[in-house]
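>>> sequence-free structure coming up:
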């Protein structure tokens with residue numbers, strides 16, 4: 001597909017999205033959470049940030065940090081997330097892009113001054129202080145993989161070249177001849193070629209490109225970490241070599257199509273991708289959780305009605321989601337089982353009987369509702385044996401307790417019988433909002449899923465170090 005066809009398809013998707021406006025606020029929030037999480041993770045990963053997607057999600061949504069990860073990596077995620085908020089506010093208030101805005105954005109992105117390793121002109125190692133919001137005071141050329149030096153603008157050239165870039169940008173906006181995607185992608189390329197700051201130029205280029213798109217009514221695009229070596233950087237090198245930006249502009253247009261497709265699906269109430277496998281070998285199935293309407297005036301519900309409301313809005317969607325998510329882990333493990341500790345004869349292979357097992361648990365819960373005002377179910381899922389270690393095992397112990405007014409779900413994840421992760425979800429009847437409960441349950445289960453994926457990733461890295469030590 002050539003560039004013209006890509007731009008036509010982009011505008012067609014944008015028109016479809018615009019025709020659905022105003023979009024339901026909760027759907028739009030769900031879409032933006034997805035795009036924002038991916039944007040934060042991938043843009044920082046491209047620059048060497050070591051946080052996984054799961055760790056990024058836990059930090060941004062819950063403020064949780066992982067042991068052994070550099071504090072600077074968390075600062076980078078925090079700064080980038082605040083920079084996105086700054087862009088959104090600019091779009092809302094229709095603030096034009098200027099050099100002053102670029103400097104302020106750089107200050108927000110980098111959070112606080114810090115030192116970086118550097119090399120003196122005569123090749124001696126040294127330290128360089130990174131100053132926020134100020135153009136570079138020293139050359140920041142880089143040595144390529146081949147040993148050649150790649151030259152950016154010299155410090156004394158930077159103010160003039162940035163002035164030229166902004167003058168070009170303002171002129172193109174006034175002429176209204178170039179497609180916004182072409183303006184945004186060209187701005188990204190020219191900004192990178194200048195490399196105006198001592199650090200943060202790649203993240204800044206992607207932020208500013210998305211700002212230009214958002215101000216033109218488009219959604220932000222996400223350049224995936226996986227594309228860095230195969231598509232993203234090669235397209236930039238091609239532009240450097242030939243002075244032709246077509247390949248880079250096509251790459252950017254394709255990434256925008258992906259974001260527009262996600263936004264359109266979300267606006268239509270369809271499923272959108274929520275989580276990526278940490279080592280990119282599996283992706284968990286995303287699904288909508290269906291629930292029934294609750295009574296608008298819950299204060300008037302009697303005990304049975306209140307319990308049924310919690311069952312339909314929380315318990316049933318939880319079991320459905322739990323079943324769908326953990327079925328995705330089956331291909332990775334040699335043995336997968338689920339059972340209820342209190343009933344010895346209930347012991348099923350996940351496989352084709354997995355859904356039947358959860359249907360059994362649902363029926364047991366529903367049966368209890370007919371006889372008592374309290375229901376209590378324990379169930380376990382065992383994931384055992386992976387290709388690189390047949391003894392590796394993860395045990396997921398789950399406990400669900402329900403009264404007419406309270407629902408409590410607790411999940412303990414153990415690796416080799418050692419409790420490593422505990423998640424708990426608890427709500428009162430009056431705190432259950434059927435508009436938001438789907439996202440809350442989804443986040444709860446995705447936290448556990450991300451943790452399991454991180455365990456697998458760490459195990460894989462550990463085995464790699466054993467077999468191929470540095």
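Thanks, I have it. The structure presented is a predicted model; accordingly, all values stated were derived computationally and were not measured. Numbering: from 1, shown residues only.
>>> Run through who's touching the strand of greatest length in the chain.
When the chain is parsed with DSSP state E, its longest strand is strand 389-402. Strand 389-402 is contacted by residues 307, 310-311, 315, 318, 322, 326, 334, 365, 374-386, 407-417, 448, 452, 455, 459, 463 when judged by CB atoms under 8 Å, 6 or more residues apart in numbering. Heads up, the C-betas are built off the backbone N, CA and C, glycines and all.
>>> Report the rounded mean pLDDT for that strand.
Averaging pLDDT along strand 389-402 gives 82.
>>> Which positions in the helix or strand just after that strand come out as buried?
The first helix or strand that comes after strand 389-402 along the chain, using DSSP states H and E, is strand 406-415. By 16 or more other CB atoms under 10 Å, the buried positions in strand 406-415 come out as 406, 407, 409, 411, 412, 413, 414, 415.
>>> what does stretch 157-166 give?
158, 161, 162, 165.
>>> quick one: the third one from residue 33, how far?
In other words, residue 162. Residue 162 sits at a distance of 33 Å from residue 33 (criterion: CB to CB, to the nearest Å).
>>> roughly how far out does stretch 320-331 sit from the chain middle?
20 Å (CA atoms, centre = their mean, to the nearest Å).
>>> can you pull the contacts of residue 232?
Going by CB under 8 Å, 6+ apart, residue 232 touches 46, 223, 251.
>>> Count residues in the vicinity of residue 381, would you?
22 (other CB atoms under 10 Å).
>>> buried subset of the contacts of strand 389-402?
Among those, those buried by neighbour count (16+ other CB under 10 Å) are 307, 310-311, 315, 318, 322, 326, 365, 375, 377-383, 386, 407, 409, 411-415, 448, 452, 455, 459.
>>> all strands of the stretch 351-470 of the chain, in order?
375-386, 389-402, 406-415, 418-428 (DSSP state E, counting those that start in this stretch).
>>> could I get these as TSV with distance to residue 266?
Below are these laid out as TSV (distance: least, CB to CB, whole Å):
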stretch	distance to residue 266
strand 375-386	30
strand 389-402	29
strand 406-415	26
strand 418-428	24
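>>> Would you tell me which one of the buried residues of stretch 157-166 comes nearest to residue 125?
Each of these was scored against residue 125 by CB to CB, and residue 158 proved nearest at 24.5 Å.
>>> Just want to check the distance between the closest one and residue 236.
19 Å.
>>> pLDDT value on residue 51, please?
92.
>>> which SS class is it?
Per DSSP: H, G, I helix; E, B strand; the rest coil, the local secondary structure of residue 51 is coil.
>>> Distance-wise, check it relative to residue 319.
31 Å.
>>> returning to what we had before: to residue 135, which of the strands of the stretch 351-470 of the chain lies closest?
strand 418-428 (44.9 Å).
>>> Helix or strand with the lowest mean pLDDT in the protein?
strand 347-349 (a mean of 41; mean pLDDT, DSSP states H and E).
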